[in-house]
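Asker: Sequence plus predicted model, see below.
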Amino acid sequence: MARYKDVDSGMKLLAVDLSRQLLPGTFEHALSHLIDHELDLSHFDTHYNNDVRGSTAYPPAMLLKVVLFAYSRGIVSSRYIERACRDHVTFMALSGDSVPHFTTIADFVSGRESDIVQVFAAVLSICLRQGLVGHEMFAIDGVKLPSNASKGKSGTRADFQKQLVKLEAATSVMLQRHREQDDKPVEPDLQAKQQQRLQSLQREAQQLRDWLAAHPDRKGPSGSIRKSNRTDSESAKMATSKGVIQGYTGVAAVDAKHQVIVEAQAHGTGSEQELLLPVVEAMQDVLKPDTLLTVDSGYHSEQNLQALEQKNINALIADNDMRKRDERFATQSRHQHSPDPLHDKSVKANKPTLYAAADFTFDPANRICICPAGKTLQRSGTHHDKRGFVGDRFRGSDHDCRHCPLRTRCLRNPDKPAGRQVTFFRGKAPDAPESATQRMKRKIDSPEGRRRYGRRFATVEPVFGNLRHNKQLNRFTLRGRRKVNTQWKLYCLVHNIEKLMNYGTIGGGK
């Protein structure tokens, strides 16, 4: 029978040289070398005022090393980082065997936005100096992540005012019930629970009053009212493939040569169209005249395309119908997953559909339109839409539509007295100018455009895979756009330092 030596993995009292625990070729060695020898962190000194009196502070270089290494291992909690500095030998080597309190770590992450921005720019400058950025093509995309905010406390001011009315009504009912029970014997435990519930309702109502007094309506670029969140007013509700989340969109611009992130921003909106121009503005220092931007279809809009043309920026931005026009995707429907019939067994109510323009009889020669009820609609002139298409517009008379038995099938709001309107488009107006969207479609549908745009997916998506899967970034743990933006940049810093380690000359790399 074979015999083996005992392997004891318990506690040992060892004399350890911490400087030798950072092995060359590892991320922690490259991180330590980069911060100690390549970066100027003197701008952190402005946060401290202890040169004459006060206790000494932890060096920002040490805190930056610990936080970035923790993020590279999927450790986000400041309490866990403090515990790792006490128990893990690599953290001990990076921190110099010091154990900063978790509040110190949390304050460093959430309160140093301007300094982290400068560190991100300094690391990117090193990547540029070492030739890791090719400037040929930058791919821009974003990832939506939940944040430290309650989705249930999201709504407009009108929604919160309705909640306040309900809370005040519930509070009044409980107070009246307490008055009626003053002379009656009540079990002590039940009375304590009722009192606790009443205090909770009153506290919630007061929080709602304070919030309504301090926060006006949020409006989008078009003037529409946006929903706010009472736990994080700068976050937003976003629709994702996993459902609706309350969080932020992390946007990254990635170079095609070595997938270095050249710009990173986090925004509290799910409308990606609003995020393109701020990212492009921040990239002006790295853009060259022949640099190509490839952008996902979520950022496509006529306004964005016109703005890029005015700036003479070469870009390829897909529209929602790009793949439908590409013969290579003609059979894509056969590869899509069919819905699982066992997932939802509830019976769906058949919602009646409204009559479409195809349900109306239109004579283009005589310009006559007859509705499904057999009534002739009145022609109300020629209609021009924003895209330059022209068509004949018809409207049903108020007398015919008011008493029509098909009114509920024809109008979205049958209670309103207005009649049905329908337009039959004839095509583009001869004198209509060519839109930026049409020029982009022609550009991206060309063989060269398809070839160059095809590199976008392989450029930016692996970066999100590295951050989300390898670094376990599944949510933002902070509140407020400035803090979330700092956390997003810290994760992107980890990614860029890995690129320096693998493709540059930092810390014994290639």
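Answerer: Yep, it's here.

Asker: alpha carbons only for contacts and neighbour counts from here, please
Answerer: OK.

Asker: ok, and the nearest residue to Val76 once chain neighbours are set aside, which helix or strand is that part of?
Answerer: Taking Cα to Cα, 6 or more residues apart in numbering, and ignoring the residues beside it in sequence, Val76 has Ala70 as its nearest neighbour in space, at 6.7 Å. Element membership of Ala70, judged by DSSP states H and E, is helix 60-72.

Asker: quick one, helices of the stretch 1-150 of the chain?
Answerer: Ranges of helices within the stretch 1-150 of the chain are 27-37, 60-72, 78-87, 89-95, 102-110, 113-129, based on DSSP state H, counting those that start in this stretch.

Asker: Rebuild those helices as TSV, extending it with mean pLDDT and mean neighbour count.
Answerer: Formatted as TSV, these follow (pLDDT from 0 to 100; neighbours: other Cα atoms under 10 Å):
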stretch	mean pLDDT	mean neighbour count
helix 27-37	90	20
helix 60-72	92	21
helix 78-87	92	18
helix 89-95	90	22
helix 102-110	91	16
helix 113-129	91	18
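
Asker: And the helix holding Ala70, what does it pack against?
Answerer: Secondary-structure packing of helix 60-72 (3 or more Cα pairs under 8 Å, 6 or more residues apart in numbering; DSSP states H and E): helix 27-37, helix 78-87, helix 89-95, helix 102-110, helix 481-503.

Asker: how about 6 Å then?
Answerer: Packed against helix 60-72 by the contact rule (3 or more Cα pairs under 6 Å, 6 or more residues apart in numbering; DSSP states H and E) you find no helix or strand.

Asker: Direction-wise, compare that helix with helix 102-110 and give the angle.
Answerer: Helix 60-72 and helix 102-110 meet at an angle of 80 degrees, taking axes from the mean of the first three to the mean of the last three Cα atoms, to 10 degrees as the criterion.

Asker: angle of helix 60-72 against helix 113-129?
Answerer: 80 degrees.

Asker: Could you shift the numbering so residue one becomes 474, and keep it that way?
Answerer: With the count now opening at 474, the last piece we talked about shows up as helix 533-545.

Asker: Let me see the residues that make contact with helix 533-545.
Answerer: With Cα atoms under 6 Å, 6 or more residues apart in numbering as the contact definition, helix 533-545 has outside contacts at Ser568, Lys944.

Asker: Contacts made by stretch 781-788 with the rest, please.
Answerer: With contact meaning Cα under 6 Å, 6+ apart, stretch 781-788 is reached by Leu765, Leu766, Thr767.

Asker: tell me the mean pLDDT for that stretch?
Answerer: In this model, stretch 781-788 has a mean pLDDT of 89.

Asker: what helix or strand does Lys710 sit in?
Answerer: Remark: Lys710 resides in strand 709-713, with elements defined by DSSP H and E.

Asker: Contacts for that strand next, please.
Answerer: Strand 709-713 is contacted from outside by Val717, Ile718, Gln719, Gly720, Gly741, Thr742, Gly743, using Cα under 6 Å, 6+ apart.

Asker: and with 8 Å instead?
Answerer: Taking contacts as Cα atoms under 8 Å, 6 or more residues apart in numbering, the residues outside strand 709-713 that touch it are 617, 624, 627, 700-702, 717-721, 741-743.

Asker: quick one: which of those residues sit in strands?
Answerer: Of these, the ones assigned to strands by DSSP state E are Lys617, Ser627, Ser701, Asn702, Val717, Ile718, Gln719, Gly720, Tyr721.

Asker: and which of the residues you listed is nearest to Arg801?
Answerer: Sorting the ones in strands among the contacts of strand 709-713 by how near they are to Arg801, with Cα to Cα, puts Lys617 at the top with 28.9 Å.

Asker: List the beta-bridge partners for the nearest residue to that closest one once chain neighbours are set aside.
Answerer: On the basis of Cα to Cα, 6+ apart, the spatially nearest residue to Lys617 that is not a chain neighbour turns out to be Thr722, at 4.4 Å. Going by DSSP bridges, Thr722 is paired in beta bridges with Lys617, His740.

Asker: count of residues packed around Thr722?
Answerer: The local packing count at Thr722 equals 27, with neighbours defined by other Cα atoms under 10 Å.
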